[in-house]
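>>> Got a sequence here, can you model it:
(one chain, ligands or ions: 1)
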Amino acid sequence: MSQHILAIDQGTTSSRSIIFAPDGSVLAMAQQEFSQHYPQDGWVEHKPEEIWNTVVSTMQDVVKEAGLSAEDIATIGITNQRETTLVWDKQTGEPVYPAIVWQDRRTSAYCRELNEDSSLVDYISEATGLLLDPYFSATKVNWILDNVEGARERAEKGELLFGTVDTFLIWKMTGGKSHKTDATNASRTMLFNIHEQQWDERLLKTFNIPAAMLPEVLDCSAEFGDINDDLLGKRIPIQGVAGDQQAALVGQACFEEGMAKSTYGTGCFMILNTGDKPLMSKNRLLTTVGYRLNGKVTYALEGSIFMAGATVQWLRDGLKLIDDASESEALAKRARENNGVYLVPAFTGLGAPYWDPDARGAILGLTRDTGISEIVAAGLQSVCYQTKDLQKAMESDGARPVSLRVDGGMAKNDWVMGFLSDVLGADVSRPTVTETTAVGAAFLAGLQAGIFASVDTLTQCWQCDSVFTPRLTKEQRDVAYDGWKKAVERIRCS
Ligand code: ADP
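Below you'll find the predicted structure:
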């Protein structure tokens with residue numbers, strides 16, 4: 001019997017399908033981008049049929065690319081852009097509106113109004129671990145029901161279904177037989193009580209969403225349904241599902257309390273496993289479901305940085321100091337050490353733990369001998385200092401990060417990872433397979449399919465490419481970080 005795993009990674013700008021061999025190595029990958037739609041300022045939409053078509057064609061392509069047939073695929077895992085919201089007709093499968101993407105801010109005014117009610121804000125934080133914000137699905141569903149003609153009436157009659165992207169794909173792949181999600185995706189809707197692991201009645205009332213629209217919530221490794229045989233020529237079970245950042249936590253095998261992963265793409269998402277304790281943040285970090293296996297929830301604290309690789313893009317496209325992101329490494333190596341230059345990339349304000357939307361970026365500490373190298377190095381270092389800020393926020397919330405695993409485009413930069421380790425005063429590990437979200441989906445599906453015996457087997461599958469160890473003394477580290485804190489203070493507005 002074949003033991004290959006097909007992982008589908010449905011992201012914000014592209015859909016990818018990857019085939020993993022039973023030892024966790026990548027056999028083949030297919031990827032397709034799709035269009036982004038910005039119908040009004042602050043609105044971001046995807047066409048559901050494009051999401052669906054790119055998923056189907058990459059699934060079909062990757063099987064061919066790997067030189068396999070559907071007979072060789074034992075199981076399917078799905079990971080997806082989180083919070084993005086779809087509503088469709090239960091009978092026809094026709095979406096009533098385009099997918100409203102997580103970045104979409106159209107419900108800002110509604111959220112501001114609701115944010116006046118401090119008891120509701122407290123309740124949302126307590127029940128869901130989230131902040132009352134347009135980012136999450138709840139106000140997006142509410143918007144669709146209020147703004148699409150006839151939608152609320154049809155929803156109340158039980159004719160419409162809601163789903164995040166995982167749910168929409170499962171529903172489509174199973175030919176409308178299965179309306180399901182997993183606990184990680186549910187935990188990002190702002191409708192799910194993370195303690196009781198159920199849809200929250202009070203919040204459904206607040207956002208005026210009929211319970212009949214909601215999918216059933218399963219563990220991350222579970223039976224989500226079999227795909228129709230017209231997709232690959234055979235019915236194959238979908239057995240693993242998790243939202244992208246949580247899938248990366250699993251793909252990085254962060255199964256012990258205190259293990260964290262940080263993904264350095266355009267922005268950066270850091271997630272820390274806090275074990276069976278849902279730590280409620282006082283620093284506006286998010287409390288979320290890390291993963292749920294065999295009915296047991298492992299919680300996580302999540303913090304994000306707006307500008308990680310985006311700072312490098314700005315050095316490239318804005319300042320034109322480099323032609324390619326990878327050039328930043330050689331330049332940074334040439335920078336004078338301890339040059340006192342700090343770049344604070346508050347282009348759109350400061351996130352955790354400062355929460356200062358009006359602050360703007362700055363480069364401080366310039367002298368006559370500051371050159372391109374020092375400025376590029378300071379840009380790269382800012383990502384490391386911000387990670388340290390997140391780590392400190394997590395610590396002040398009562399968590400104890402013990403190790404950090406990294407991935408994403410910027411994690412390829414050895415100089416950045418070395419400096420990250422210096423600033424954190426801790427080892428930083430980078431895996432051989434950096435497609436960690438897809439690995440996570442494959443791990444979850446393989447666990448349910450019996451390809452992997454247990455979480456311990458997954459831990460053994462995770463292979464380290466490099467470990468970066470701190471070279472700075474504690475005093476040197478403190479001086480460097482102190483300089484960052486002072487630079488941030490100089491630009492704060494609140
Ligand atoms: P996303 O998934 O958000 O598109 P990726 O994980 O593909 O992001 O990473 C791309 C980001 O990483 C870009 O912002 C780019 O500037 C940055 N990046 C890529 N390679 C390097 C490098 N060698 N050094 C520094 N930054 C890099």
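
>>> Around the ligand, which positions in the chain sit nearby?
265-266, 309-310, 312-313, 325-326, 328-329, 408-410, 412-413 (CB under 6 Å from any ligand atom). Every residue, glycine included, has its C-beta placed from N, CA and C.

>>> Poorly predicted segments of this protein, please.
Within the chain, the stretches with pLDDT under 70 are 1.

>>> Downstream of the lengthiest strand in it, the next helix or strand is which one?
Criterion DSSP state E: the longest strand present in the chain is strand 296-305. Elements were assigned by DSSP states H and E; along the chain past strand 296-305, the next helix or strand is helix 309-313.

>>> Neighbour-wise, which one of the residues of the chain next to the ligand leads?
residue 312 (28 neighbours; other CB atoms under 10 Å).

>>> I'd say it and residue 325 touch.
Yes - judged on CB atoms under 8 Å, residue 312 makes contact with residue 325 at a distance of 4.8 Å.

>>> which neighbours do these two share?
In terms of CB atoms under 8 Å, 6 or more residues apart in numbering, residue 312 and residue 325 are both contacted by the residues residue 410.

>>> Which two among the residues of the chain next to the ligand are spaced furthest apart?
266 and 329 (18.2 Å; CB to CB).

>>> quick one: contacts for residue 47?
Applying CB under 8 Å, 6+ apart, one finds that residue 47 lies in contact with 34, 35, 37, 98, 99.

>>> what residues does stretch 83-98 touch?
Contacts for stretch 83-98 (CB under 8 Å, 6+ apart): 12, 37, 45-48, 99-102, 135-137, 140-141, 144-145, 147-148, 151, 154-155, 158-165, 167-168, 171-172, 176, 188-189, 213.

>>> Show the buried residues in these.
12, 45-46, 48, 99-102, 135-137, 140-141, 144-145, 148, 151, 154-155, 159-165, 167-168, 171-172, 176, 188-189, 213 (16 or more other CB atoms under 10 Å).

>>> The residues you listed in strands, which ones?
Among the buried ones among the contacts of stretch 83-98, DSSP E puts 45, 46, 99, 100, 160, 161, 162, 163 in strands.

>>> With respect to the ligand, which of these is nearest?
Of all these, the ligand sits closest to residue 46, with 15.6 Å by CB to the nearest ligand atom.

>>> now whichever residue of the stretch 251-400 of the chain sits closest to the ligand: how far from residue 246?
Nearest residue of the stretch 251-400 of the chain to the ligand, counting by CB to the nearest ligand atom: residue 309, 2.3 Å away. For residue 309, the distance to residue 246 (CB to CB, to the nearest Å) stands at 21 Å.

>>> ditto for residue 478
33 Å.

>>> Residue 343 too?
Residue 343 is 31 Å from residue 246, by CB to CB.

>>> Could you name the residue of this protein that is farthest from its center?
For the chain, the largest distance from the centre (CA atoms, centre = their mean) belongs to residue 368, which lies 41.4 Å off.

>>> Who has more neighbours out of residue 343 and residue 246?
residue 246 (32 against 27).

>>> a strand runs through that one, doesn't it?
No - under DSSP: H, G, I helix; E, B strand; the rest coil, residue 246 sits outside any strand and is assigned helix.

>>> buried set for stretch 243-259?
243-255, 257, 259.

>>> Ok, stretch 292-309 next?
292-293, 297-309.

>>> got the angle for the helix or strand where residue 384 lies vs strand 296-305?
Per DSSP H and E: residue 384 is located in helix 372-396. Helix 372-396 and strand 296-305 meet at an angle of 140 degrees, taking axes from the mean of the first three to the mean of the last three CA atoms, to 10 degrees as the criterion.

>>> ok so, going back, so what strands line up beside the longest strand of the chain?
Sheet pairing of strand 296-305 (DSSP bridges) gives strand 268-275 (antiparallel), strand 286-293 (antiparallel).

>>> Could I get those in JSON lines, plus columns for distance to residue 236?
Formatted as JSON lines, the strands paired with strand 296-305 follow (distance: least, CB to CB, whole Å):
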{"stretch": "strand 268-275", "distance to residue 236": "29"}
{"stretch": "strand 286-293", "distance to residue 236": "21"}
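
>>> Which of those sits closest to residue 426?
strand 268-275 (12.6 Å).

>>> what's near enough to touch the closest residue to residue 468 other than its chain neighbours?
Excluding the flanking residues, the one nearest residue 468 by CB to CB, 6 or more residues apart in numbering is residue 421, at 4.0 Å. Residue 421 is in contact with 427, 428, 468, 469, 470, 471, counting by CB under 8 Å, 6+ apart.

>>> Separate out the buried members of those residues.
Buried residues within the contacts of residue 421, counting neighbours by 16+ other CB under 10 Å: 428, 468, 470.

>>> So the second one is in contact with residue 418, correct?
Yes - Residue 468 lies in contact with residue 418 (CB under 8 Å); the separation is 5.0 Å.

>>> For the stretch 301-450 of the chain, which segments count as helices?
Assigned by DSSP state H, counting those that start in this stretch, the helices in the stretch 301-450 of the chain fall at 309-313, 327-334, 372-396, 414-424, 436-449.

>>> what about the most centrally placed residue in the chain, distance to residue 251?
Centroid check for the chain by CA atoms, centre = their mean gives residue 245 as the closest residue, at 3.1 Å. For residue 245, the distance to residue 251 (CB to CB) stands at 10 Å.

>>> That'll do, ta.
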